[in-house]
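[1] Just need the structure, nothing else, for what follows:
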Amino acid sequence: MGKNKIEIDVEGRKIALSNLDKIFYPEVGFSKAQVIDYYIRIAPVLLPHIQNRPLTLKRYPDGVEGLHFYEKQCPAHRPKWVKTTRTPRENKTESIDYCVVDSLSALVWVANLADLELHPFLHCISDQNCPTMVVFDLDPGPPANVVSCCRVALWLREMLEDLKLQALVKLSGSKGLQIYIPLNTPTSYEQTSEFSHEIAHLIAQAHPGDVTDQMPKNLRTGKVFIDWSQNNSHKTTVCVYSLRAKNEPTVSTPIEWKEVELAWKHKRMLSFNSEEALKRVENRGDLFEPALNLRQKLPKKKPRF
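    Predicted structure coming up:
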């Protein structure tokens, strides 16, 4: 191994790690070694949420201040033990072999590729048109912020509770919040897309000064955009416990609804870095575990607000 490379054994597999001293988050001096260490430590709760899903890599070879790129096609130089799954492109005439990160060794391997962010699909590899959940991405348009998102999240929860649906909430790790409705029952992207669009539209109609369900950025100023369009077989959403490429290593951290209520009540900003996210898991376990096994069906009843 060269001066700046080491080889480690993970689950009996040899993985060559390189450039471990390279600083990936210059503002706080967080290195590539620390990125890999975080993913090793968070793996017990993270892996169940990605291990059966196609994964898009978001790579930052020179850290968060350098150029980055999305990588859908799993690299050809991957080890033989890194699994892939073939998925048709949106034009349906070609296919992409996505990585499937199903083990600690595969997670360490993609982390060594400077894959700071993990972006899985909402479906498992067994059925590409059967999402296991619905997601709403709450994106604040400045001067709206994560506190504004908390208020919208509570409106959203109220509507979902009227439909007898339980929802989970996590920080995006960037600016906003993401609301997930676990399903784990037969459905289709056509159904989840229609349902999420209808919900987003109703809330935007009820609170036009605070919420929009429209994509154009010029319509989002001072409002929270409820992005329902992630419910699509060709789109990915950042995974729970993924790092984000921000000034510091913030994490897409699951939170409790009580924390959302308190953040809105006290106008408290919410953000957790890698160490804080690890500490929360140590103290609270995986708050997102219901996403794996809670079984719910999309209601036949029409939503109302």
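[2] Need the per-residue pLDDT for Gly2.
    Looking at Gly2, its pLDDT stands at 43.
[3] Equivalent analysis for Gly173, please.
    So Gly173 comes in at 96 (pLDDT).
[4] need the contact list for it.
    Counting by CB atoms under 8 Å, 6 or more residues apart in numbering, Gly173 touches Val238, Ser242, Leu243, Arg244, Lys246, Thr250, Val251, Ser252, Thr253, Ser271. C-beta coordinates here come from the backbone N, C-alpha and C atoms, glycine included.
[5] What is the nearest of those residues to Gln51?
    Taking CB to CB as the measure, Gln51 lies nearest Ser242 of the contacts of Gly173, at 14.0 Å.
[6] Surely that closest one is in contact with Leu118?
    Yes: the criterion here is CB atoms under 8 Å, and Ser242 meets it with Leu118 at 4.3 Å.
[7] So for the two, which residues contact both of them?
    The overlap between the contact sets of Ser242 and Leu118 (CB under 8 Å, 6+ apart) consists of Leu46.
[8] related to what we said a few turns ago, now for the contacts of Gly173, which sits with the most neighbours around it?
    Highest neighbour count within the contacts of Gly173, by other CB atoms under 10 Å: Leu243, with 31 neighbours.
[9] Can I get stretch 211-231 in CSV, CA atoms only?
    Taking Å, rounded to 0.1, in the frame of the first residue of the first chain, the C-alpha atoms of stretch 211-231 are listed here in CSV:
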residue,chain,number,x,y,z
VAL,A,211,-47.3,26.8,1.4
THR,A,212,-46.9,26.0,-2.3
ASP,A,213,-47.2,22.7,-4.2
GLN,A,214,-45.8,24.3,-7.4
MET,A,215,-42.3,23.5,-8.7
PRO,A,216,-41.1,26.9,-10.1
LYS,A,217,-38.6,28.5,-7.7
ASN,A,218,-40.0,32.0,-8.1
LEU,A,219,-43.2,30.8,-6.5
ARG,A,220,-41.5,29.5,-3.3
THR,A,221,-40.1,32.8,-1.8
GLY,A,222,-41.1,32.8,1.9
LYS,A,223,-43.1,29.6,1.5
VAL,A,224,-42.6,26.0,2.2
PHE,A,225,-42.7,23.9,-1.0
ILE,A,226,-44.3,20.5,-0.5
ASP,A,227,-42.5,18.4,-3.0
TRP,A,228,-44.7,15.5,-3.7
SER,A,229,-42.9,14.6,-7.0
GLN,A,230,-40.4,12.4,-5.3
ASN,A,231,-43.0,9.6,-5.4
